[in-house]
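1. Pasting the sequence and the predicted model now:
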Amino acid sequence: MMDECRSRGVVPETFYDPANRAIFTAMMAMGAASKPLDALALIEELRRTNKLEAVGGVGYIQSLIDQVPTTAHAEHYIGILRGKHLRRMMIERATDVVSHCFDEGEYPDAQVVLGDAEKNFLEIGGSASATMPWSAAIDESFKRIDRMFESGGRLMEGLSTGYKYLDETLQGLKPGEMIVIAARPSVGKTSLAMNIAESVALGMDMNNVPVRYDNGKRHPVAIFSLEMPVEQLTKRMLAGRARINMWRLNRNLVPKSEKEMLTGSLMQAMGELKTAPIYVDDTASLDVMDLRARARRLKKRYGIELVVIDYLQLCTCREGARQNRQIEVSMISQQIKAMAKELKIPVIVLSQLARAPEQRGDKYEKPKLSDLRDSGAIEQDADVVFLLRRPSRNPKDPESQDQTLAYVDIAKNRNGETGEVKMNFVREWTRFLDREPEHKDEENFHSSEPVPEQGEFTPDPMS
């Protein structure tokens with residue numbers, strides 16, 4: 001009986017009467033201690049904890065037993081009990097919402113009230129299964145480890161990024177993780193995030209090969225573009241997928257002989273992206289609580305499996321705005337991490353870096369975790385942090401002549417390895433590609449993608 005109650009989510013708070021709550025709490029304690037559970041043992045347990053008289057004495061315990069005709073209908077009775085509890089919770093939450101609606105002084109923004117109401121009511125629906133039993137968690141972890149043994153240690157634990165060497169280090173973008181991509185302006189953090197989002201949504205890597213870990217399955221992606229309007233975002237994604245230099249095209253520098261071929265590439269890219277499960281919200285200065293509410297709706301309606309936020313410092317937080325900027329950014333970071341855990345999906349959030357790398361005198365200008373702008377809470381809350389740099393942007397760097405070289409420094413990885421991953425960044429397409437290992441003892445990876453000649457000059461696009 002107690003096992004059935006636990007599996008159906010019955011807790012002491014399920015009971016309205018305080019006496020029944022106390023009795024059920026005692027029964028749970030007896031079950032945890034592997035004590036026999038019958039009327040006599042229950043009475044002795046309540047007497048031992050000095051609660052027998054408070055619940056109504058021996059007579060009340062006996063009356064409860066007499067009122068149950070048979071235990072065969074226990075599942076039906078539990079359903080009635082849970083239904084009453086759900087109704088009480090809904091009444092309580094609805095009363096709070098009504099109170100907040102009338103209190104315009106404390107809650108001046110209706111969107112905040114709506115977001116809170118939505119969150120609270122969705123929590124009611126998920127309360128019965130919010131916590132996985134410890135035994136089930138152990139079983140699930142064992143199954144994952146066993147699958148990794150069978151796969152030779154190459155089993156993906158999350159969504160593929162579309163990049164071979166990033167995936168080998170991360171083992172995928174895992175559910176509930178907050179992944180931060182940080183860089184100075186115009187280094188390429190938006191490009192990298194959009195490339196990953198495109199790969200996840202299409203189920204293909206950057207070489208247009210179906211991701212083998214899940215047989216090219218498409219995964220819905222939500223993008224909150226606080227900096228860039230959706231038209232600019234889609235234009236960049238189309239150009240990148242079609243391998244078109246938009247700067248040359250906009251200035252009519254493309255020969256007529258190439259235009260027909262480029263038009264064909266563009267039409268193919270449009271056909272592929274048009275059906276991609278990507279949902280873009282380009283609202284500017286979005287409050288983080290409103291952002292969470294919108295992500296919650298997208299999860300419920302479209303089943304999104306990845307969220308991308310571009311970028312953190314453009315989010316606002318009404319509660320934190322009354323204090324200093326550092327506290328506000330800390331609260332934004334905490335809310336984004338909480339959203340990842342609530343929705344059980346990875347969340348990629350872009351972040352600016354401070355100017356410290358340029359002021360340290362380091363010829364490589366390598367960024368550090370402490371350079372994350374505005375708040376150390378970002379470093380604390382993040383599960384994974386990418387620090388992005390391109391040597392070609394720093395004349396003092398010994399590798400500055402390599403126009404395509406980019407470093408993705410995995411500076412923090414709570415559940416895996418850290419270290420630098422070399423990649424190619426094609427400025428003309430605002431696109432990151434895998435880079436072939438330089439050492440012969442490493443696994444060779446020959447990219448099928450052409451890379452423009454390093455001597456060709458084009459303006460560095462904003463990223």
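-> All right, it came through fine.
2. just checking, next helix/strand downstream of the helix or strand hosting Met270?
-> Secondary structure from DSSP states H and E places Met270 in helix 256-274. Sequence-wise, the next helix or strand downstream of helix 256-274 (DSSP H and E) is strand 278-281.
3. Next secondary structure after the helix or strand bottoming out on mean pLDDT in the chain?
-> Scoring the helices and strands of the chain by mean pLDDT, DSSP states H and E places helix 2-7 at the bottom, with a mean of 62. Counting by DSSP H and E, the element after helix 2-7 in chain order, helix or strand, is helix 18-32.
4. residue ranges with poor pLDDT in the stretch 351-463 of the chain?
-> In the predicted model, the stretch 351-463 of the chain carries pLDDT under 70 at residues 356-363, 374-375, 439-463.
5. mind listing the helices for it?
-> Using DSSP state H, counting those that start in this stretch, the helices of the stretch 351-463 of the chain run over 356-359, 377-381.
6. Please apply the same query to the stretch 101-250 of the chain.
-> Using DSSP H, counting those that start in this stretch, helices in the stretch 101-250 of the chain cover 110-126, 134-150, 164-170, 189-202, 230-242, 246-250.
7. Could I get the buried residue list for the fifth one?
-> Think helix 230-242. By neighbour count with 16 or more other CB atoms under 10 Å, helix 230-242 contains the buried residues Leu233, Thr234, Arg236, Met237, Leu238, Ala239, Gly240, Arg241, Ala242. Any C-beta I mention is one placed from the backbone N, CA and C, and that applies to glycine too.
8. same thing with the first one?
-> Buried residues in helix 110-126, counted by 16+ other CB under 10 Å: Val112, Val113, Leu114, Gly115, Asp116, Ala117, Glu118, Lys119, Asn120, Leu122.
9. out of these, which one sits closest to Asp287?
-> Proximity of the buried residues of helix 110-126 to Asp287 (CB to CB) peaks at Val112, which lies at 7.2 Å.
10. so what's the closest one up against?
-> The contact partners of Val112, taken as CB atoms under 8 Å, 6 or more residues apart in numbering, are Asp287, Met289, Asp290, Arg318.
11. Same question for Lys119.
-> Arg292, Ala293, Arg296.
12. Just name the closest of these to Met89, please.
-> Of the contacts of Lys119, the one sitting nearest to Met89 (CB to CB) turns out to be Arg296, at 18.1 Å.
13. CA atoms only: put stretch 267-280 into PDB for me.
-> Output in PDB follows, covering the C-alpha atoms of stretch 267-280 (Å, rounded to 0.1, in the frame of the first residue of the first chain):
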ATOM      1  CA  MET A 267      17.600  27.900 -53.200                       C
ATOM      2  CA  GLN A 268      18.800  24.600 -51.800                       C
ATOM      3  CA  ALA A 269      19.700  26.200 -48.500                       C
ATOM      4  CA  MET A 270      16.300  27.900 -48.400                       C
ATOM      5  CA  GLY A 271      14.600  24.600 -48.900                       C
ATOM      6  CA  GLU A 272      16.600  22.900 -46.100                       C
ATOM      7  CA  LEU A 273      16.200  25.700 -43.600                       C
ATOM      8  CA  LYS A 274      12.500  26.500 -44.400                       C
ATOM      9  CA  THR A 275      11.400  23.200 -42.800                       C
ATOM     10  CA  ALA A 276      13.900  23.300 -39.900                       C
ATOM     11  CA  PRO A 277      12.100  23.300 -36.400                       C
ATOM     12  CA  ILE A 278      13.600  26.700 -35.400                       C
ATOM     13  CA  TYR A 279      11.600  29.200 -33.500                       C
ATOM     14  CA  VAL A 280      13.000  32.800 -33.200                       C
END
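14. tally of neighbours for Arg301?
-> The number of residues packed near Arg301 is 10, by other CB atoms under 10 Å.
15. per-residue pLDDT, it?
-> If you check Arg301, the pLDDT there is 89.
16. pretty sure it is in a helix, no?
-> Yes - judged by DSSP: H, G, I helix; E, B strand; the rest coil, Arg301 forms part of a helix.
17. Quickly note the distance from it to Val221.
-> 14 Å (CB to CB, to the nearest Å).
18. Same check on Thr169?
-> Thr169 is 21 Å from Val221, by CB to CB.
19. The two: who's more crowded?
-> Each of Thr169 and Val221 has its neighbours counted (other CB under 10 Å); Val221 has more, 28 against 18.
20. give the contact list for that one.
-> Contacts of Val221 by CB under 8 Å, 6+ apart are Ala197, Val200, Ala201, Pro277, Ile278, Tyr279, Ile304, Glu305, Leu306, Val307, Val308.
21. mind listing what the residue lying closest to the fourth one once chain neighbours are set aside touches?
-> To tie it back to what came earlier, the one meant is Pro277. Nearest non-adjacent residue to Pro277, counting by CB to CB, 6 or more residues apart in numbering: Pro220, 3.9 Å away. By CB under 8 Å, 6+ apart, the contact list for Pro220 reads Ala201, Pro277, Ile278, Tyr279, Leu298, Tyr302, Gly303, Ile304, Glu305, Leu306.
22. hmm, 10 Å instead?
-> By CB atoms under 10 Å, 6 or more residues apart in numbering, the contact set of Pro220 is 200-201, 276-279, 298-299, 301-306, 345.
23. ditto for Asp281
-> If you count contacts by CB under 10 Å, 6+ apart, then Asp281 has Ala222, Ile223, Phe224, Ser225, Leu226, Val230, Asp290, Leu291, Arg294, Ala295, Leu298, Ile309 around it.
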